[in-house]
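**Student:** missing the sequence, but the structure's below:
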Ligand code: APR
């Protein structure tokens with residue numbers, strides 16, 4: 001766990017200092033409305049829960065689309081790596097199975113009225129770190145925590161904007177933000193593009 005924390009700190013410093021490094025480019029940010037299971041990206045992010053065994057919303061859609069192999073891998077992960085569940089703010093990758101992607105990244109967002117809201121930022125960062133480790137050139141995010149976990153869409157958009165405005169990568173060329181409703185799309189476009 002200490003090692004992971006050091007990696008996280010190192011990554012944070014890297015994003016702050018990388019502006020001098022010409023090799024690292026700012027990824028294209030694309031904001032779309034749609035079903036994340038239909039999006040083509042190397043990494044698809046799942047708004048999971050700690051149990052890793054399934055839920056509603058994005059989690060349900062991804063499991064339906066990916067098929068039984070994903071469920072089996074998640075069961076193994078739970079039994080062998082996370083017997084107490086994946087903590088809030090952390091992320092883990094699995095195969096993508098029937099999804100049009102290389103990997104699925106499962107991250108557990110904070111419940112707005114219960115957990116530390118700062119952990120939402122960590123979900124995005126840890127997902128990006130895993131995508132880079134897996135040589136993914138594109139990553140698609142749902143609006144983590146803004147469904148069952150009650151995070152206000154506007155606050156989520158502000159966190160995402162602040163994070164990706166300052167982000168450069170040697171690996172990731174496109175970040176796709178996938179919104180489910182017209183209203184969420186409108187808020188994201190207003191907060192991030194304007
Ligand atoms: N594609 C893209 N976005 C979607 C999709 C989809 N197929 N389905 C729902 N959404 C949107 C929701 O409208 C919301 O804005 O994704 C956002 C996140 O909603 P949830 O999936 O409810 O995720 P979250 O709020 O993080 O809650 C996680 O819910 O599904 C369970 O297992 C999951 O217990 C966990 C909790």
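**Tutor:** Good, I have the coordinates. Keep in mind the model is a prediction, meaning the values are calculated, not measured. Numbers count the residues shown, from 1 in each chain.
**Student:** Please make it C-alpha for all contacts and neighbour counts, starting now.
**Tutor:** Noted.
**Student:** Any stretches of this structure with poor pLDDT?
**Tutor:** The chain contains residues with pLDDT under 70 at 1-6, 15-22.
**Student:** Let me see the ranges of the strands in it.
**Tutor:** For the chain, applying DSSP state E gives strands covering 28-33, 43-48, 91-95, 103-108, 138-142, 174-179.
**Student:** Would you mark the buried spots in the first one?
**Tutor:** Read it as strand 28-33. Within strand 28-33, the residues that qualify as buried are 29, 31-33, counting by 16 or more other Cα atoms under 10 Å.
**Student:** Please name the residues that touch the nearest residue to residue 34 once chain neighbours are set aside.
**Tutor:** Computed as Cα to Cα, 6 or more residues apart in numbering, the closest residue to residue 34 that is not its neighbour in sequence is residue 180, at 5.5 Å. With contact set as Cα atoms under 8 Å, 6 or more residues apart in numbering, residue 180 has these partners: 33-35.
**Student:** Residue 58 against residue 49, yeah?
**Tutor:** No: applying Cα atoms under 8 Å as the test, residue 58 and residue 49 come out as separate, 10.8 Å apart.
**Student:** want to throw the strands of the chain into CSV with distance to the ligand?
**Tutor:** As requested, those are exported to CSV (distance: least, Cα to the nearest ligand atom, whole Å):
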stretch, distance to the ligand
strand 28-33, 8
strand 43-48, 4
strand 91-95, 13
strand 103-108, 7
strand 138-142, 5
strand 174-179, 5
